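K.L.:
Model the structure of this input:
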Amino acid sequence: MQASRRTNAQPRCCRSFQRWNIPFRKKTALMPPIFLFVMDTCVDGDDLQCLKDCLLATIADLPQEVLVGLMTFNRTVSVHDLSMNTIKHSFVFRGTKELSAKEVQDQLGMGSYPIEAYLQSPKTKTRAGNRRQPAPPAEPQESCQSRFFQPLSKCSKFLTDSINGISADPWVTANGKRNLRSTGAALNIATGLLENSYPGTGARIVLFAGGPCTHGPGMVVGEDLKTPIRSYLDIAKGNAPFLGQATKFYANVAARAVKHSQTIDIFACALDQTGLHEMRTCCSSTGGQLLLGDSFNSSLFSQNLTMFLSRDSESDQLEMAFNAEIEVKASRNVQVSGCLGQCTSLEVKNEIVSDLDMLGTGGTAEWRCCSLSTGSTLCFIFETTVSQEVSMAPSEQLYLQFITSYQHANSQRRVRVTTVSRSWMNENNLSLSAGFDQEAAAALMARIAVTKADLSGGGDVQRWIDRTLIRLCNKFGLFSHDEPSSFSLPDNFAQLPSIVYHLRRSQLLQNSNTSPDESAFYRHCLMRQDVTTSLSMIQPVLYAYSLSGPPVPVSLDVSSLQPDRILLLDTFFHIVIYHGETIVQWISAGYDKMPEYGNLAHLLEAPIEDAQLIYSRRFPMPRYVVTEQGGSQARFLLSKVNPSKAQTGVIYGGYVGGGGPDLQAAAILTDDVSLQTFVDHLRRLVVSSALNS
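P.N.:
Next up, the predicted model:
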C-alpha cells in the first residue's frame, strides 16, 4: 500500500473498482435485529394512549424475525416478561439505585451464559463412550433469556396485550411537584439487560421520555416545580447542581452500550426540557437517533416514529445497520487526525495515526458505530507529514482506504471497502485552489465549531471561525495591501463568507433564545447529515412564489420579503410558508375561491405541494409553519434573513423604500450586523498590512 503507484495500483484502487461490498459467509447462526422499547408512564393519559397506539402500529410493521423487549418506568423500573404465560408479570426495580450488569443479572435470575451458546451449541462427551454429541443450553438459563426477548412472530399478540395494559403512573403527584421519573435508572437497567442477554450483538434501546429525570441516578432537576430546569445562563453562572453528575452518569451508560454494540435512541416529547443536554452522549456515541417534540399526541411524533422503523421499498428490510466498525488505511506521508461524527474510538494506534491536532474522535485508526443508516455521514480529517523542504512528484498518488464491516438488517455480516486516490501537489499549485469545495468546507467548519462549542464557550468558537475565514481569504484572495476595494475571491470561494456569516448567526452556535436541549438536538442532527443537508441548517434555502412567474430561489435577505410574494423557507428543522401583506388581503377578500382568480388558487397551492415533498423525504421531519406578514410565527423567517435594510425609526415588520407598497421590503429591528457590514470588516482585515507583514 505504501509503495503503490499509478502503474502498479491494485484493481480496487482504480476508478471502476472504488467500492466493494463483500458478504461474510459464516457457518454460525446469525442474530436478527433486537429492539428494547422503554416507555415513560409519567405522562398524561391522552399522551400515553397516543404513545401506545403509535408504538403498536409501528411494531406491527416490523419484520417478524426481530427480537423485541419491553420496559416501563416511573419512580420504579419494570422489565416485562414476554414468555407468554397465562399471567402477565414483570420484574420491578427501585429507581433510586445504580445497578451494575451483574446485579441486574442476579435480580432477574438470568445466570451467566455467553452469546455463543445461543448461536451454536457446544459439544460434550457422553458417559457411554467417546462419541461427541451436541449439548443443549441449560434449560433454566435459556428460559430466563427468552422471558424478556421474543421473536415478534411468537409474541405479537402477547406484546400487544402488554402494551395496551400499560397504565399511567399510579403514584399521586402533589401540587407544585414534578412526577418522580427514573429515566437514568431505566437506561442503566436496559443496558444491563442487553449486556447479559446478547453481549456484543447489535441491538437498539428505544427510549420514550415525556419529561426530565427527577429521581435516582441521572436526575437533571429536582422535584419542586418552583425550581426550573437549568438554562444556558444557569450553566454559565454555575447554578446547575445536577449537570456534572448527570452528564458523567449518562456518559458511563453510553460507554457500556458502545462496548456491547448497543444503540440508544431517544424520543423526547414535552413542553419543557427533558434533559437531552445531559443524555446526548448516549445517542452521539452509539449512533442513535435523538428527536425532540412537544407531545406524543402529535402527528410529528407518529410520523417520525414510523419513518424511523420504515423498510426499504426494494429489499423490504429495515433501513439501518448494526454493530459497524470502520478501519482507515493510508499510503505513506498521510496520517489521520480524527473523525467528526457519531462514532467511538477503538483505540487502535499505528503508523498512520497522528498525535498532533486531533479533531473529534482521534488517536486511533479504527472506530465503532453501533448503528448506521442511509443518511449517516462521517468526516475523516487527514494531514500530510511531508516537510516543506521535500516536494512530492506530481505523478505520485496518495491512497486512502475505508473498510467498513457491519451487520445488515437481514442479519448478514457485510464488509464495504472504499478506496480513493488523489495526486500530490505543491502548496502554491493553482490546482489546489481550483479543487476547493466551499460547501464541503462550510459543513466541515460547522462540525468543528459545534465540537468546540460543546467543549468551550461560544465566544471562543466565534473567534476561531473568524480567524479561520480571515486566514483562508488572505491565502487565496486577490487584493492590494491596504486597499479593501481591491479584494476579491475566486468563484469557488465567493460564497464562503456569506455561509460563514449565517453560521455565526445560526441556532447551531447561538445560545440566545435557545435551550440547552434544543442546542443538543440541533447539533446532534448536524453531526450525522451530509453536506447538502448541513448547508440548509447553516444557510437556509428561500424560494419566492408570485403571479409574475414560476417559483425562483431568492437571496436570504430582507429585500426578498415583498408584500405580493409567498416565501418558502427550508431550515431543515422548520418549513415555513410566509404570505406577504398583499397576499393576505387577497385571501381575506376571498379571491382564491373565485373561479375567475384560479391563478391565485394555484399560487397558494404551489408552496404547500413543495413543502409536502420536502416533508415526506426528510428524517427527522421538520415542523410545518404557515404564517403571514406581521404574524407571531413570522419570527421563524425574520430571524434567518440578512437585515440589510435600514432599521432606525421603523416599526417592526413595516416597510422601507420608495415606489409604493408593491416595491417595498420589510425592515427588521435587530442588533445583528448585516452581511455587507460583515464582509466590509472582513475585507479590511484581510488586506491590512499588519496581517500580511
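
K.L.:
Point out where this structure drops to low pLDDT.
P.N.:
Within the chain, the ranges that satisfy pLDDT under 70 run 1-29, 85-86, 111-145, 387-395, 428-429, 457-458, 646-667, 693.

K.L.:
Nearest the geometric middle of it, what residue?
P.N.:
Closest to where the C-alpha atoms of the chain average out (CA atoms, centre = their mean) is Cys525, at 2.9 Å.

K.L.:
how about that residue, what does it touch?
P.N.:
Leu290, Met537, Phe572, Phe573, Pro620 (CB atoms under 8 Å, 6 or more residues apart in numbering). Every C-beta, even on glycine, is put in place using the N, C-alpha and C of the backbone.

K.L.:
Quickly find the element holding the second one.
P.N.:
According to DSSP states H and E, Met537 maps onto helix 531-538.

K.L.:
returning to what we had before: of the contacts of Cys525, which is the most crowded?
P.N.:
When neighbours are taken as other CB atoms under 10 Å, the top entry among these is Leu290 (25 neighbours).

K.L.:
Am I right that that residue is in contact with Cys283?
P.N.:
Yes. Using CB atoms under 8 Å, Leu290 makes contact with Cys283 at a distance of 4.3 Å.

K.L.:
what touches both of those two?
P.N.:
Applying CB under 8 Å, 6+ apart, one finds that Leu290 and Cys283 are jointly contacted by Asp265, Ile266, His524.

K.L.:
Which of the helices or strands spans the last one?
P.N.:
With elements taken from DSSP H and E, the one containing His524 is helix 516-526.

K.L.:
and that helix with helix 531-538, angle?
P.N.:
Per axes from the mean of the first three to the mean of the last three CA atoms, to 10 degrees, the angle that helix 516-526 makes with helix 531-538 is 150 degrees.

K.L.:
For Pro516, which residues are in contact?
P.N.:
Arg230, Ser231, Tyr232, Ile235, Gln273, Leu276, His277.

K.L.:
JSON lines for the residues you listed, including distance to Gly631?
P.N.:
Formatted as JSON lines, those follow (distance: CB to CB, whole Å):
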{"residue": "Arg230", "distance to Gly631": "32"}
{"residue": "Ser231", "distance to Gly631": "27"}
{"residue": "Tyr232", "distance to Gly631": "27"}
{"residue": "Ile235", "distance to Gly631": "33"}
{"residue": "Gln273", "distance to Gly631": "26"}
{"residue": "Leu276", "distance to Gly631": "29"}
{"residue": "His277", "distance to Gly631": "30"}
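
K.L.:
which among those end up buried?
P.N.:
Arg230, Ser231, Tyr232, Gln273, Leu276, His277 (16 or more other CB atoms under 10 Å).

K.L.:
re the thing from before, tell me the one among the shared contacts of Leu290 and Cys283 nearest to Asn513.
P.N.:
Ranked by distance to Asn513 (CB to CB), the shared contacts of Leu290 and Cys283 are led by His524 at 19.0 Å.

K.L.:
I'd say that closest one and Leu290 touch.
P.N.:
Yes. With contact defined as CB under 8 Å, His524 reaches Leu290; the gap is 4.7 Å.

K.L.:
can you list residues touching both of these two?
P.N.:
With CB under 8 Å, 6+ apart as the test, His524 and Leu290 both reach Arg280, Cys283, Ser284.

K.L.:
Pretty sure His524 is one of the things the second one touches, is it not?
P.N.:
Yes. Taking contacts as CB under 8 Å, Cys283 lies within contact range of His524: 6.2 Å.

K.L.:
between these two, who's got more neighbours?
P.N.:
Cys283 (26 against 23).

K.L.:
Secondary structure class of that one, three-state.
P.N.:
Classification of Cys283 using DSSP: H, G, I helix; E, B strand; the rest coil returns helix.

K.L.:
list the contacts for it?
P.N.:
Ile264, Asp265, Ile266, Gln289, Leu290, Gln342, His524.

K.L.:
re earlier: which one of the contacts of Pro516 is nearest to Ser485?
P.N.:
Tyr232 (40.2 Å).

K.L.:
wait, doesn't that closest one sit right on Asn511?
P.N.:
Yes. If you go by CB under 8 Å, Tyr232 and Asn511 touch, sitting 4.4 Å apart.

K.L.:
Serialize the contacts of Pro516 to TSV and add fields for secondary structure and distance to Phe37.
P.N.:
Below are these laid out as TSV (DSSP: H, G, I helix; E, B strand; the rest coil; distance: CB to CB, whole Å):
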residue	secondary structure	distance to Phe37
Arg230	coil	29
Ser231	coil	31
Tyr232	helix	32
Ile235	helix	32
Gln273	coil	23
Leu276	helix	19
His277	helix	24
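
K.L.:
Now do the closest residue to Val353 other than its chain neighbours against Gln335, distance only.
P.N.:
Excluding the flanking residues, the one nearest Val353 by CB to CB, 6 or more residues apart in numbering is Ala365, at 5.3 Å. With the distance defined as CB to CB, to the nearest Å, Ala365 ends up 9 Å from Gln335.

K.L.:
list residues touching both of these two?
P.N.:
Ile352, Val353.

K.L.:
Nearest residue to Ser488 in space, ignoring adjacent ones along the chain?
P.N.:
Using CB to CB, 6+ apart, the nearest residue to Ser488 is Leu478, at 5.1 Å.

K.L.:
For that neighbour, give me its contacts.
P.N.:
Applying CB under 8 Å, 6+ apart, the residues near Leu478 are Ser486, Phe487, Ser488, Leu489, Pro490.

K.L.:
So which of those sit within strands?
P.N.:
Residues of the contacts of Leu478 located in strands (DSSP state E): Ser486, Phe487, Ser488.

K.L.:
In contact with the second one, which residues?
P.N.:
For Phe487, the contact set (CB under 8 Å, 6+ apart) comprises Cys473, Gly477, Leu478, Phe479, Arg683, Val686, Val687.

K.L.:
now those as a markdown table including secondary structure and distance to His579?
P.N.:
Formatted as a markdown table, the contacts of Phe487 follow (three-state DSSP; distance: CB to CB, whole Å):
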| residue | secondary structure | distance to His579 |
| --- | --- | --- |
| Cys473 | helix | 39 |
| Gly477 | coil | 41 |
| Leu478 | strand | 43 |
| Phe479 | strand | 43 |
| Arg683 | helix | 37 |
| Val686 | helix | 41 |
| Val687 | helix | 44 |
